[in-house]
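> the amino acid sequence is not available; the structure is as follows:
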């Protein structure tokens, strides 16, 4: 698959999503070790359903990107900006690194930083929110590194493997974010 470097980091870059990558996303999202950290953990995804989800998100205005390893141009995950409200300049984001060999190596943090830079400095958004489960410590630490702050919790809202967990809401606003990528284009 050929990927196009829309936003470029040191470890990875973001490319417009290919519907053909739905097969790889299905493999990752049906792996409970990957999906247990995502809001879709209780869904079974067929190839047709994953393609439909991607197409529907695009049709509804979502900005979806493939996360690609910069060293070998290999697909490693996905991230998106969705529920974009242009009037109030707010949206939500989601991200996952599907390649488990690359977990805890900084790829997610870098990809999210690129995505947030794009959201604030290209899409002109002001507030970005995300949801995360309290047991996903790796993701919470990554989000904090990017600048997200906890804004609330829905207590015991998730029951997974017989245990109750909080759903954490985090956000970041444009004035709190330090652009690394886009600032190099400013004269």
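It's in. All figures in this text were calculated on a predicted structure; none of them were measured in a lab. Numbering: from 1, shown residues only.

> hey, which helix or strand in this structure has the poorest pLDDT?
Taking all helices and strands of the chain together, the one with the lowest average confidence (mean pLDDT, DSSP states H and E) is helix 32-35, at a mean of 73.

> can you name the element that comes right after that helix?
Per DSSP states H and E, the first helix or strand lying C-terminal to helix 32-35 is helix 47-59.

> now that next one: mean pLDDT?
Per-residue pLDDT values over helix 47-59 give a mean of 83.

> please name every helix or strand in contact with it.
With contacts defined as 3 or more C-beta pairs under 8 Å, 6 or more residues apart in numbering; DSSP states H and E, the packing partners of helix 47-59 are helix 22-29, strand 63-69. Yep, even glycine has a C-beta here, placed from its N, CA and C like the rest.

> now do it against helix 22-29, angle only.
Inter-element angle recorded for helix 47-59 and helix 22-29: 100 degrees (by axes from the mean of the first three to the mean of the last three C-alpha atoms, to 10 degrees).

> what does helix 47-59 rub up against?
Under the criterion C-beta atoms under 8 Å, 6 or more residues apart in numbering, residues 17, 19, 22, 23, 25, 26, 29, 45, 64, 80, 82 lie in contact with helix 47-59.

> now the two most distant members of those residues.
By the measure C-beta to C-beta, these have their two most distant members at 23 and 82, which lie 21.6 Å apart.
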